[in-house]
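In: turn this into a structure:
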Amino acid sequence: MPKAQDNTTTEFTFLNYDNPDHNVSHRKAVKSHVSGKYRTNVRLQTHPRYALPHRGSLPENEATRARPRRNPRPASPILPEVSTRQWHRPLSPVEVGFSGFRVDQFKSFPGQITPCVPKALDYYTQAISPMMEPFLLAVGMANPLMIWMYPLILSHESAYHSAVALSQASLEKRHAPTAIASLEVLHHRRKAVSAFRKELLASRGPPDDAALMTVLTLACLDALFRDDRVNNRKGLALIVALKGGLNNLGMRGLVKAFLVHFDYFWMLETGDSTLFPFNERKSLRIYPRPPFEGDVLSLIETLPPGIEAVARRGALGIDVLKILSRVSTFLLSKTDHRRHDSTPPEVRLPNGQDYPDLFEVCACLQSSPSTEHSLEKNLILAVIMFSFDIHNPGGAMSKVAAYRGSRQELTKSVPLTVPRSAQERACLIWIWMIVLRSWSLEIPPALRTLALAKAFFAEFAESESWTTVEATMQRFFWYPPLEEDFRRVWALTFDAYHETAPMASGTERVDMGFINAAQLLTPSVHAESHAALHESAGEATQKEVTSALPPILTLETYLEEVH
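Out: Residues are numbered from 1 along each chain as shown. The predicted structure is shown next:
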């Protein structure tokens, strides 16, 4: 055995960095070794790579430490006023490149890409599609612009070009309402028509959904520019007939419901006959009577006080109560600052059930202005307009067919509606103010607003006090951001009425005001409605109007005309 005083050799040499006995080379070696390990460890923790080993389990205090949040992607610069709500939609191939420009990384668009395409598709997904949400919320329908149309845009050339043309035209109209179609809009329209003709001529069976969507989009484009040289609405009826009718359009009735509501509001706006005539609905509407209980009582209790008072008199059907309750619930969530989520509930249907069309959701919309159900119809149309107003108080909704058609019908029918109680009279004041505000957003608003003001203030003398009007409106659907706008509209119409009101009896002023309003809007529609008033069977007249089949083009004739 070695003795204690002998020097034994060891396999390892332990260096102490602070030991003054070690020379400079030892200290440099230790420093380089420690700092290199430290840098490697930090790099693996902050930027893990697949080719390098990842760190193991972290201590509890590090695992629960919040990681720094990345900066969110900025919204599209062309739409600063678009809501930040996240809409459920299919993934778009339009992405932001490293250079900051919008690019189609995978070349997945089915047609030619022009400089307007990225902005046009952005506007479609961020403005046009959300623009329909208020109406869809009221009637409880999913959004067909994203569920049905958007996949067609990304997979069919004709649908792609027609959607780009319509979206770009809507974007241009937003900045210049009186401008004509630009060269880019005309280019994509020609491309859509050319691709549409090729697809139909090459098809051996019925047209596909892309052809249906293309004709629908072309009809909307014609309406946007007031161009009726090509009757694409009749072409739409032709394509539907070739596909086997509305009931064979698929998507669990979603396409049928979308076309029915498009045709209905177009008919209200233009006074034209319907493309898809329906027989008289056989289902008997249910009007609950007091005492209310169960589900009916739950629906009524969700309504504002003014509408609740009308409902408790048994004047509203079950279908109307469901729509009003749905809108009231969403409005409450939007105005309640304690609730951060104002997203409308997602529409879900039971298995095996199809989407109902507009008349199945609310049958009173088929009633004529002079019937006992006119108050229900006017209330639903006003609620649709109000839903658009709270979604975009700036007035961009006046470009939507559902908004324009509802306003046109209310302008014609509200002066004919006679209240049967004080509650219904207050409801009519609320409806009148919705209509007056909508016309004040148009350019120029003076003539229509003046004509309606004569009828309004002559019929409702109590409306000459803004305090009374405001208190009445707050008992119905009320959105505080619109308060100043309603006050401005009331002051404008009140001043215009007193400056030009004739020194005649109240009854004469009412009749004169209605005639002026109707003549300024649609003279032919006014003549038909005035004749219907003196008919003993008003509903029969409405049935005759909606039962005549429109003239249908042949496929060859329509293709020649659209070309």
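
In: leaving out the residues flanking it, which one is nearest to residue 491?
Out: residue 466 (7.4 Å; C-beta to C-beta, 6 or more residues apart in numbering). In this view, the C-beta of every residue, glycine as well, is placed from N, C-alpha and C.

In: how far away is the one you found from residue 473?
Out: 10 Å (C-beta to C-beta, to the nearest Å).

In: also residue 168?
Out: Distance, residue 168 to residue 473, by C-beta to C-beta: 38 Å.

In: count of neighbours near the residue nearest to residue 491?
Out: 13 (other C-beta atoms under 10 Å).

In: and what of residue 243?
Out: For residue 243, using other C-beta under 10 Å, the count is 19.

In: next one, pLDDT for it please.
Out: Model confidence at residue 243, given as pLDDT, is 91.

In: what do you get for residue 264?
Out: The predicted local confidence for residue 264 is 91.

In: what sits against it?
Out: 274, 358-359, 365, 405 (C-beta atoms under 8 Å, 6 or more residues apart in numbering).

In: check these and tell me the two furthest apart.
Out: 359 and 405 (14.4 Å; C-beta to C-beta).

In: follow-up on the earlier one: so which of residue 168 and residue 473 has more stuff around it?
Out: residue 168 (26 against 21).

In: what's the pLDDT at the more buried one?
Out: pLDDT, read off for residue 168, is 94.

In: three-state assignment of the residue nearest to it when sequence neighbours are not counted?
Out: Distances taken as C-beta to C-beta, 6+ apart place residue 120 nearest to residue 168, at 4.3 Å, with adjacent residues excluded. Going by DSSP: H, G, I helix; E, B strand; the rest coil, the secondary structure assigned to residue 120 is helix.

In: same deal with the one 3 residues further on?
Out: The three-state label for residue 123, taken from three-state DSSP, comes out as helix.

In: am I right that residue 261 is in contact with residue 357?
Out: Yes - counting by C-beta atoms under 8 Å, residue 261 does reach residue 357; the two are 7.3 Å apart.

In: higher neighbour count, those two?
Out: residue 261 (24 against 21).

In: could you dump the helix or strand containing that one to CSV, C-alpha only?
Out: According to DSSP states H and E, residue 261 maps onto helix 254-270. Extracted C-alpha coordinates of helix 254-270, given in CSV (Å, rounded to 0.1, in the frame of the first residue of the first chain):
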residue,chain,number,x,y,z
LEU,A,254,-80.1,26.5,-47.8
VAL,A,255,-79.8,27.4,-51.5
LYS,A,256,-83.6,27.4,-51.9
ALA,A,257,-84.0,29.7,-48.8
PHE,A,258,-81.4,32.1,-50.1
LEU,A,259,-83.0,32.3,-53.6
VAL,A,260,-86.5,32.8,-52.1
HIS,A,261,-85.4,35.7,-49.9
PHE,A,262,-83.4,37.2,-52.8
ASP,A,263,-86.5,37.1,-55.0
TYR,A,264,-88.8,38.4,-52.3
PHE,A,265,-86.9,41.5,-51.5
TRP,A,266,-86.2,42.2,-55.2
MET,A,267,-89.9,42.0,-55.8
LEU,A,268,-90.6,44.4,-52.9
GLU,A,269,-88.0,46.9,-54.3
THR,A,270,-89.0,46.8,-57.9
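
In: buried stuff in the helix or strand that comes right after that helix?
Out: Using DSSP H and E, the next helix or strand after helix 254-270 towards the C-terminus is helix 294-301. The neighbour-count check on helix 294-301 (16 or more other C-beta atoms under 10 Å) flags 296, 299-300 as buried.

In: residue contacts, the residue lying closest to residue 249 once chain neighbours are set aside?
Out: Distances taken as C-beta to C-beta, 6+ apart put residue 255 closest to residue 249, at 4.0 Å, once the chain neighbours are dropped. Contacts for residue 255 were tallied using C-beta under 8 Å, 6+ apart; they are 144, 148, 209, 212, 249.

In: how near is residue 255 to residue 560?
Out: For residue 255 relative to residue 560 (C-beta to C-beta), the value is 27 Å.

In: sketch out the strands for this structure, chain order is fine.
Out: 94-96, 102-104 (DSSP state E).

In: and the ones you listed, which one's lowest on average pLDDT?
Out: When I compare the strands of the chain, strand 94-96 is least confident, with a mean of 47.

In: close enough to count as contact, residue 144 and residue 254?
Out: Yes - between residue 144 and residue 254 there is a contact at 5.4 Å, judged by C-beta under 8 Å.

In: how many neighbouring residues does the residue nearest to residue 212 when sequence neighbours are not counted have?
Out: Closest residue in space to residue 212, ignoring its immediate chain neighbours: residue 239 at 5.1 Å, by C-beta to C-beta, 6+ apart. The number of residues packed near residue 239 is 23, by other C-beta under 10 Å.

In: so what's residue 239 up against?
Out: 207, 211-212, 215.

In: of those, which is the nearest to residue 112?
Out: Using C-beta to C-beta, the contacts of residue 239 come closest to residue 112 at residue 211, 19.3 Å.

In: for the closest one, grab the count of nearby residues.
Out: Residue 211, neighbours per other C-beta under 10 Å, totals 23.

In: kindly report the same for residue 441.
Out: Going by other C-beta under 10 Å, the residues that sit close to residue 441 add up to 17.

In: check what pLDDT it gets.
Out: On pLDDT, residue 441 comes in at 79.

In: torsion angles phi and psi at it?
Out: Note on residue 441: backbone dihedrals following degrees, to the nearest 10 are phi -80, psi -10.

In: hmm, residue 181 is touching residue 190, no?
Out: No - shown here, residue 181 and residue 190 do not form a contact pair, counting by C-beta under 8 Å, at 11.1 Å.

In: these two: who's more crowded?
Out: residue 181 (18 against 13).

In: now do the contacts for that one.
Out: Counting by C-beta under 8 Å, 6+ apart, the residues that residue 181 touches are 169, 172, 189, 225.

In: and the buried ones among these, selectable in ChimeraX?
Out: In ChimeraX syntax, the buried subset of the contacts of residue 181 is picked out as below (16+ other C-beta under 10 Å):
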select :169,172,189
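
In: how about the contacts of residue 181 in JSON lines, adding distance to residue 383?
Out: Formatted as JSON lines, the contacts of residue 181 follow (distance: C-beta to C-beta, whole Å):
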{"residue": "169", "distance to residue 383": "29"}
{"residue": "172", "distance to residue 383": "31"}
{"residue": "189", "distance to residue 383": "35"}
{"residue": "225", "distance to residue 383": "30"}
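
In: where does the protein have low pLDDT?
Out: Residue ranges of the chain with pLDDT under 70: 1-107, 228-230, 278-284, 337-351, 369-373, 393-399, 443-448, 500-553, 563.

In: what sits up against stretch 314-326?
Out: With C-beta under 8 Å, 6+ apart as the criterion, stretch 314-326 contacts 137-140, 285-290, 296, 299-300, 302-303, 307, 310-311, 361-364, 375-376, 379-380, 383, 420, 424.

In: and those residues, which of them are buried?
Out: 137-140, 288, 296, 299-300, 302-303, 307, 310-311, 361-364, 375-376, 379-380, 383, 424.

In: that older thread, closest to residue 155 out of the contacts of residue 255?
Out: Taking C-beta to C-beta as the measure, residue 155 sits nearest to residue 209 out of these, at 10.0 Å.

In: for residue 160, see how far away the closest residue to the closest one other than its chain neighbours is.
Out: Nearest non-adjacent residue to residue 209, counting by C-beta to C-beta, 6+ apart: residue 152, 5.9 Å away. Distance, residue 152 to residue 160, using C-beta to C-beta: 8 Å.
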